[in-house]
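Undergrad: Sequence and predicted structure, then a few things I'm wondering about:
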There are 2 protein chains.
Amino acid sequence: MTVLALYPADPAPELAQLLDLSGFVWKGLAEPNDVEDLEPDEGWGGAILQMGNTGDEGWAMLRALRKRDVPVSPLLLLIRGSELQELDMRDELFDDFCLDPFHPRELEARVRHMLASSNEGHTGERIEHGPLVLDLETYEALLDGRPLDLTFMEYELLRFLATSPGRVFTREILLNRVWGYEYYGGARTVDVHVRRLRAKFGEEYAGLIHTVRSVGYRFGQARRR
Amino acid sequence: MTVLALYPADPAPELAQLLDLSGFVWKGLAEPNDVEDLEPDEGWGGAILQMGNTGDEGWAMLRALRKRDVPVSPLLLLIRGSELQELDMRDELFDDFCLDPFHPRELEARVRHMLASSNEGHTGERIEHGPLVLDLETYEALLDGRPLDLTFMEYELLRFLATSPGRVFTREILLNRVWGYEYYGGARTVDVHVRRLRAKFGEEYAGLIHTVRSVGYRFGQARRR
DNA sequence: GGTTTCGTTTACATGACGTTCACAATTGGA
DNA sequence: TCCAATTGTGAACGTCATGTAAACGAAACC
């Protein structure tokens, strides 16, 4: 049986009722820490997050779900029309969204479609680019076969950059997407972490992360053609 | 540039207008047979199908798009609430749907998210004109296949000029639009940056930016030698 | 041809920006 | 509780991108 994770833990009555009537089994998540308690083999088939009135905790929850060793997927957001623009640049954090307030039939159709699509094979537990290999299952990083001893934030930053090789990210975007909070004065934070990564890469591979002056950083060589 | 296929070929005005305003390029498909004419390397980034009043042809079109050797993907359906149940058991034929009538912001968000998810972050934004290629994502500039090492302002100036090839811009306009502040004493600034660009272009391509005496500069459309 | 007007080119000062270091704050484990 | 590792922040430093001035050259206009 497929079980859905729900956030907030006490969902709106019409949402709970709809899921019950449609035959879905669900369990509430109170806070991001609860994500750790989800057992991989418990049949988790996705999550629904109602973002209204949750402030930043909603996004923290999203990130927590996606950053697990075994990411929870697919994710469906219930979001108000006025919050739509917050979805921009966060496309990989969710799979579908539904405007809140919603029509029961639409939400039911989305949940169905989401679950049906997710069974068509979901992979991606490894990022490989040139000499760099990131094993997302084991949190291991290999550079040219040599294991890199990365800290958590170093790994997260590298993973984000390496997910879109060649693409330039501003410090602000990196702070938002990797650190997960609004840009708030600490632009140097990114620089220092990039520096630490380059130091661990060693002289030979320090250039894997390239500085684009006045813009930001990018991983790997820019695309050609 | 990503091009969207649209069905029906003459989409509802509000749909066409929305896509135009959001900067999407689209082309209409009249009937299922037209699907064969889509060239794989033409930059097709997906399709939007408005299912209302199309009878079975809409579904035939969907199947035609998905049965190609190179399937068109992702696919977004515009569908009336009363037709929702038709989606059941057809999950593999589409990637997302949007209730029709739709709110412009919702549809725009769905199209964006769909495109972002489909090509793993590569939005394919680029400016291409003659031998010059500007990749707006990687901040890379290629001239005749050779990478140009441009500084930030050089890149911004070139991007602005190349966005409107053949059009002449006064120094004042360039200062306002590229530098972003009011003209304030330094008309020579533009000249010097144009010179630096021409120097990096090399002798062969220095004429890509043409001087229009007493007026300003323009990109492209230089006279034959 | 002389003069004027405009664009080109060179040279240079300045400051914006990234790098680096040192250290504080925080966390987690022994 | 102490220690070590991780992470964020502030400051000093070096560099290089950028704007400005000025000399130069080339058209245009008389």
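TA: Cool, the structure landed.

Undergrad: Helices of chain A, residue ranges please.
TA: A:13-21, A:57-66, A:104-118, A:152-163, A:171-174, A:188-201 (DSSP state H).

Undergrad: quick one, longest strand in chain A?
TA: strand A:44-50 (DSSP state E).

Undergrad: touching chain B at all, it?
TA: No. Judged by CB under 8 Å from any CB of the partner chain, strand A:44-50 and chain B are separated, with a smallest distance of 13.9 Å. (C-beta placed from N, C-alpha, C; glycine too.)

Undergrad: hmm, stretch A:129-147 touching DNA strand D?
TA: No. Taking CB under 7 Å from any atom of the strand as the criterion, stretch A:129-147 and DNA strand D are apart, separated by no less than 11.5 Å.

Undergrad: Residues touching that stretch, excluding its own?
TA: A:69-70, A:124-128, A:148, A:150, A:155, A:158-159, A:162, A:165, A:201-202, A:204-205, A:208, A:219-220 (CB atoms under 8 Å, 6 or more residues apart in numbering or on different chains).

Undergrad: mind listing which of those are in strands?
TA: Per DSSP E, the contacts of stretch A:129-147 map to strands at A:126-128, A:148, A:219.

Undergrad: In chain A, where is pLDDT below threshold?
TA: Applying pLDDT under 70 to chain A picks out residues A:1, A:38-43, A:69-70, A:119-125, A:181-185, A:222-225.

Undergrad: Near chain B, which residues of it are found?
TA: Residues of chain A lying near chain B by CB under 8 Å from any CB: A:81, A:84-85, A:87-88, A:91-92, A:95-97, A:99, A:103, A:105-106, A:109, A:112-113, A:116-117, A:120, A:163-164, A:166-168, A:212-215, A:218, A:222-225.

Undergrad: Got a PyMOL select line for the buried ones in the residues you listed?
TA: Selection of the buried residues among the residues of chain A next to chain B in PyMOL, burial being defined by 16 or more other CB atoms under 10 Å in any protein chain shown:
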select buried, chain A and resi 84+87+91+92+95+96+97+99+106+109+112+113+117+163+164+166+167+168+212+218+222+223
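
Undergrad: just the residues of chain A next to chain B that are near DNA strand D?
TA: Within the residues of chain A next to chain B, those near DNA strand D by CB under 7 Å from any atom of the strand are A:213-214.

Undergrad: Would you agree residue A:113 is in contact with residue B:91?
TA: Yes. Contact criterion CB atoms under 8 Å: residue A:113 and residue B:91 qualify, at 5.2 Å.

Undergrad: contacts for stretch A:47-56?
TA: A:4-8, A:11-12, A:15, A:26, A:29, A:58-59, A:61-62, A:65, A:72, A:75-80, A:83, A:86, A:94, A:100, A:111, A:181.

Undergrad: before we move on, what about stretch A:25-41?
TA: Contacts for stretch A:25-41 (CB under 8 Å, 6+ apart): A:1-11, A:16, A:19, A:44, A:47-48, A:57, A:60-61, A:63-65, A:68, A:70, A:72.

Undergrad: of the contacts of stretch A:129-147, buried ones?
TA: Buried members of the contacts of stretch A:129-147, counted by 16+ other CB under 10 Å: A:127, A:148, A:150, A:155, A:158-159, A:162, A:165, A:201, A:205, A:208, A:219-220.

Undergrad: how about these in CSV, adding distance to residue B:142?
TA: Converted to CSV, those look like this (distance: CB to CB, whole Å):
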residue, distance to residue B:142
A:127, 26
A:148, 32
A:150, 33
A:155, 32
A:158, 27
A:159, 28
A:162, 23
A:165, 17
A:201, 27
A:205, 24
A:208, 21
A:219, 19
A:220, 16
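
Undergrad: Quick check: the gap between residue A:180 and chain B.
TA: Distance from residue A:180 to chain B, counting by CB to the nearest CB, to the nearest Å: 18 Å.

Undergrad: ok, that residue - contacts?
TA: A:59-60, A:63.

Undergrad: Flag every residue of chain A that's near DNA strand C.
TA: So far as CB under 7 Å from any atom of the strand goes, chain A lies against DNA strand C at A:188, A:191-192, A:194-195, A:198, A:211, A:213-216.

Undergrad: What remains of those if I keep only buried residues?
TA: For the residues of chain A next to DNA strand C, buried by 16+ other CB under 10 Å: A:194, A:198, A:216.
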